[in-house]
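**Q** the following block contains a protein sequence and its predicted model.
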Amino acid sequence: MTAKKPTGVHGVVLDTRTTFTLVEFCSACGVEQRRIVEMVEEGVIEPIAGQDDWRFHGEALLRAKRALRLVRDLGVNWPGAALALDLLEEIERLDRR
């Protein structure tokens with residue numbers, strides 16, 4: 001039995017100015033557009049305000065990926081994922097104080 005060698009590291013470098021179109025956001029999350037629409041409708045993530053076509057900040061990408069893991073791994077629904085993420089972010093904010 002031979003061990004698989006890692007083929008490379010994949011990732012996205014984010015800063016506060018990074019934005020994604022809806023197509024780019026779907027690709028970065030690895031999901032179809034309907035999943036992103038569901039997350040927006042349930043308040044899990046928000047597109048950048050004032051845009052005719054949806055664009056998302058890099059922070060929304062991190063939040064979306066966390067939400068997708070909660071839904072996939074724990075069977076949480078979208079409203080539950082939104083609440084869990086809000087609480088986790090509040091804990092992180094308090095820890096930074």
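**A** Right, received. Where do you want to start? Numbering: from 1, shown residues only.

**Q** now residue 18: phi and psi?
**A** Torsion angles at residue 18 (phi, psi; degrees, to the nearest 10) stand at phi -70, psi 130.

**Q** over to the one 3 residues further on?
**A** Note on residue 21: its backbone torsions stand at phi -70, psi 170 [degrees, to the nearest 10].

**Q** that one and residue 42, how far apart?
**A** 21 Å (CB to CB, to the nearest Å). The way it works is simple: take the backbone N, C-alpha and C, and place the C-beta from them, glycine included.

**Q** ok so residue 66 is a helix residue?
**A** Yes. The assignment for residue 66, made by DSSP: H, G, I helix; E, B strand; the rest coil, places it in a helix.

**Q** how far is the strand or helix carrying residue 95 from where the chain is centred?
**A** If you go by DSSP states H and E, residue 95 is part of helix 78-96. Helix 78-96 sits 13 Å away from the centroid of its parent chain (CA atoms, centre = their mean, to the nearest Å).

**Q** that helix packs against which elements?
**A** helix 33-41, helix 58-74 (3 or more CB pairs under 8 Å, 6 or more residues apart in numbering; DSSP states H and E).

**Q** out of these, nearest to residue 83?
**A** For these, distance to residue 83 was read as CB to CB. The smallest value, 10.1 Å, belongs to helix 58-74.

**Q** quick check: buried residues in that closest one?
**A** 58, 60, 61, 63, 64, 66, 67, 68, 70, 71 (16 or more other CB atoms under 10 Å).

**Q** now stretch 19-39
**A** For stretch 19-39, using 16+ other CB under 10 Å, the buried residues are 19, 20, 22, 25, 26, 28, 29, 31, 35, 36, 39.

**Q** can you list contacts of that stretch?
**A** The contact list for stretch 19-39 (CB atoms under 8 Å, 6 or more residues apart in numbering) reads 12, 45, 47-48, 53-58, 60-61, 64-65, 67-68, 78.

**Q** rerun that using 10 Å as the cut-off
**A** Stretch 19-39 is contacted by residues 11-12, 14, 40, 44-48, 51, 53-58, 60-61, 63-65, 67-68, 71, 78, 81-82 when judged by CB atoms under 10 Å, 6 or more residues apart in numbering.
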